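# this one's structure only:
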């Protein structure tokens with residue numbers, strides 16, 4: 001089939017390479033412009049390396065984007081990690097319309113941080129959806145879905161890179177084949193089950209040590225590696241990445257107050273919370289690089305009795 005890809009970053013690049021590897025024709029690639037001084041977008045770099053037409057418009061609403069899409073004469077549009085708004089008038093130009101990837105089981109977790117939030121909420125299942133984009137955010141009819149488990153200790157990085165990324169590339173190919181063959185089914189999303197969450201950014205990633213240990217642990221793993229769950233140490237941000245949790249089973253096990261460092265080991269430091277203790281295995285200071293918990297504690301002078309989050 002002849003396709004047009006709208007996307008960016010490593011996922012867009014992987015989708016491009018997967019279609020090319022099996023012999024499909026990529027007529028052109030639309031990619032958001034990089035910010036000044038930023039590295040070349042991986043999708044743009046890969047497309048240019050292969051000699052494909054690349055279009056970088058500040059907006060996909062304008063006539064120049066529409067003319068570029070019309071000129072490609074594509075059978076199908078493929079949206080692979082798109083942060084720019086793509087109007088109906090653009091995505092309907094390919095002969096068979098356009099399909100889009102979203103890393104959640106729509107209609108749940110519409111929005112831009114749809115991998116973070118299921119982990120933060122302690123869900124045990126998630127998945128991905130290939131759907132028909134509309135001008136409502138993540139609201140179009142579903143073409144194909146795949147589920148996967150969310151392990152109790154899996155991080156954002158684990159879920160995305162080991163599950164939703166490779167499964168997403170494969171499912172995008174499968175959905176494109178179904179649409180191209182006219183064998184797909186489009187299912188309208190059930191609005192009674194829909195949920196929308198916004199970005200998970202710095203404000204959402206802040207740790208409140210008075211929260212229950214389960215919630216704190218889920219925030220840490222749901223923000224690892226990005227945006228990075230954080231607390232403060234001596235007025236500066238302290239980011240926590242790899243961690244373990246241990247529940248308290250009796251009052252006698254409680255050491256210190258919430259937010260207090262209870263122990264420092266060779267490889268970690270431990271912080272008391274409501275109902276348990278977080279053992280931090282990897283951390284970094286506001287201006288530093290990632291270190292093991294023990295290395296960070298020694299470098300920062302972190303000792304038992306230190307209070308975090310003040």
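It's in. As the structure is a computational prediction, the values presented were derived from the model and not from experiment.
# ranges for the strands of the stretch 51-200 of the chain?
54-55, 76-80, 98-102, 125-131, 142-149 (DSSP state E, counting those that start in this stretch).
# Just put those in a markdown table and tack on mean neighbour count.
Glycine gets a C-beta too; all of them are placed from N, C-alpha and C. Output for these, formatted as a markdown table (neighbours: other C-beta atoms under 10 Å):
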| stretch | mean neighbour count |
| --- | --- |
| strand 54-55 | 19 |
| strand 76-80 | 25 |
| strand 98-102 | 25 |
| strand 125-131 | 23 |
| strand 142-149 | 17 |
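# Just put those strands in CSV and tack on mean pLDDT.
Shown next, in CSV, are the strands of the stretch 51-200 of the chain (pLDDT from 0 to 100):
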stretch, mean pLDDT
strand 54-55, 98
strand 76-80, 98
strand 98-102, 98
strand 125-131, 98
strand 142-149, 98
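# what's the residue most central in space within the chain in contact with, if anything?
Nearest to the mean C-alpha position of the chain, by C-alpha atoms, centre = their mean, lies residue 115 at 5.0 Å. Residues in contact with residue 115 (C-beta atoms under 8 Å, 6 or more residues apart in numbering) are 103-104, 126, 156, 159-160, 164.
# Against residue 285, how distant is residue 33?
Per C-beta to C-beta, to the nearest Å, residue 33 is found 33 Å from residue 285.
# quick one, which of the two is more surrounded?
residue 285 (17 against 13; other C-beta atoms under 10 Å).
# thinking that one is in contact with residue 236, fair?
Yes - if you go by C-beta atoms under 8 Å, residue 285 and residue 236 touch, sitting 6.5 Å apart.
# Which residues does stretch 153-160 contact?
Outside stretch 153-160, the residues that reach it (C-beta under 8 Å, 6+ apart) are 103, 115-116, 119, 126, 148, 150-151, 221-226, 242, 244.
# go on, stretch 48-56?
By C-beta under 8 Å, 6+ apart, stretch 48-56 touches 20, 26-33, 44, 47, 65, 68, 72.
# Which of the contacts of residue 115 sits closest to residue 260?
residue 156 (27.0 Å; C-beta to C-beta).
# ok so, going back, of the contacts of stretch 48-56, select the buried ones using a ChimeraX command.
Only the buried entries of the contacts of stretch 48-56 go into this ChimeraX selection, using 16 or more other C-beta atoms under 10 Å:
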select :20,26,27,28,29,30,31,32,44,47,65,68,72
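# Narrow the contacts of stretch 48-56 to those in helices?
20, 44, 47, 65, 68, 72 (DSSP state H).
# which two of those lie the greatest distance from each other?
Greatest spatial distance in the ones in helices among the contacts of stretch 48-56: 20 and 65, 22.8 Å, computed using C-beta to C-beta.
# Quick one: residues contacting residue 225.
Contacts for residue 225 were tallied using C-beta under 8 Å, 6+ apart; they are 155-157, 241.
# cool, and residue 281?
Contacts for residue 281 (C-beta under 8 Å, 6+ apart) come out as 241-244, 267-268, 292-293.
# mind checking how far it is from residue 256?
Residue 281 is 19 Å from residue 256, by C-beta to C-beta.
# Buried residues, stretch 79-96. List them.
79-82, 84, 86-87, 90-91, 93-94, 96.
# try stretch 163-176
163-165, 167-169, 171-173, 175-176.
# for those, which one is nearest residue 139?
Taking those together and measuring to residue 139 by C-beta to C-beta, the closest member is residue 175, at 17.4 Å.
# Quick check: closest non-adjacent residue to that closest one.
Once flanking residues are discounted, residue 175 sits nearest to residue 130: 3.9 Å by C-beta to C-beta, 6 or more residues apart in numbering.
# returning to that earlier point: closest one to residue 309 out of the contacts of stretch 48-56, please.
Checking the contacts of stretch 48-56 against residue 309 by C-beta to C-beta gives residue 32 as the nearest, at 36.5 Å.
# I figured that closest one hits residue 86, correct?
No - between residue 32 and residue 86 there is no contact under C-beta under 8 Å: 10.9 Å.
# which stretches of the stretch 101-250 of the chain aren't confidently modelled?
Along the stretch 101-250 of the chain, the model assigns pLDDT under 70 to no residue.
# Could you work out the end-to-end span of stretch 264-281 for me?
Using C-alpha to C-alpha, to the nearest Å, the end-to-end distance of stretch 264-281 comes to 11 Å.
# avg pLDDT for that stretch?
Here stretch 264-281 scores 98 as its mean pLDDT.
# gap between residue 219 and residue 45?
Distance from residue 219 to residue 45, by C-beta to C-beta: 34 Å.
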